[in-house]
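> What shape does this take:
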Amino acid sequence: MSAISEAEVQHYRKYMKKQGIRLGFKEAKRDLQTQDMMKESQPFEDCMVIVRTGEQCKGMIHGPTEEWNERCMWISFRKRDNSTMISWQQKQRIKNHFAGEDREAIELFPSEHRLMDTANQYHLWVLPAGEQIPFGWTTGFTEKVKKGN
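Purely as a prediction, here's the structure:
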């Protein structure tokens, strides 16, 4: 990730203000850093996705052992148009495509002191292969919902 200058932050703030969005300096800088990171992303459907594993997740995954942490994965994604309209089904397809159908992931709703809210961006924390989240249904069931009912 490249360093972002004060001039770039100010330019971005002016641009966002024209879009009707007012940002403080720190908020604008974090937004630009996120966008800088997203340059490394890859397209999937109408989203841009970043996948990080092992050492790249240091400080974000806090499992029981270092070896367990290294086997986890972090998937970060956002809509290309920066909207928030990502369905659960699309999140599941992203998880399946980048982590595999047999791995489980969590979308975390953290306590306020751990909240990271700088962009319309989503994060999945993928457990190591073979690990299962200790809550939820033990078996799955899907049914197609009929439209109009």
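> Quick one: the helices in this structure, in order.
6-18, 25-38, 66-70, 88-99 (DSSP state H).
> and the protein, what are its domains?
For the chain, automatic domain parsing gives the domain ranges 1-40, 42-133.
> To F141, which of those lies closest?
domain 42-133 (14.5 Å; C-beta to C-beta). Placement of C-beta: from N, CA and C, glycine included.
> The closest one: how far from the chain's middle?
Counting by C-alpha atoms, centre = their mean, to the nearest Å, domain 42-133 is centred 5 Å from the centre of its parent chain.
> Adding distance to G140 and mean neighbour count, write the domains of the chain out as CSV.
Formatted as CSV, these follow (distance: least, C-beta to C-beta, whole Å; neighbours: other C-beta atoms under 10 Å):
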stretch, distance to G140, mean neighbour count
domain 1-40, 32, 14
domain 42-133, 11, 14
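> which stretches of this protein aren't confidently modelled?
1-2, 34-39, 147-149 (pLDDT under 70).
> what about the strands in it?
42-44, 47-53, 73-79, 105-106, 122-126 (DSSP state E).
> Distance-wise, check the spatially closest residue to E45 that is not a sequence neighbour relative to K144.
Leaving aside its chain neighbours, E45 sits nearest to Q90 (6.5 Å; criterion: C-beta to C-beta, 6 or more residues apart in numbering). Distance, Q90 to K144, by C-beta to C-beta, to the nearest Å: 17 Å.
> With A99 instead?
Distance from A99 to K144, by C-beta to C-beta: 25 Å.
> repeat for E8
Taken as C-beta to C-beta, the span from E8 to K144 is 48 Å.
> ok so, going back, out of the strands of the chain, nearest to T139?
T139 lies closest to strand 105-106 among the strands of the chain, at 18.1 Å (C-beta to C-beta).
> Adding distance to I106, write the helices of the chain out as TSV.
Output for the helices of the chain, formatted as TSV (distance: least, C-beta to C-beta, whole Å):
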stretch	distance to I106
helix 6-18	31
helix 25-38	21
helix 66-70	14
helix 88-99	10
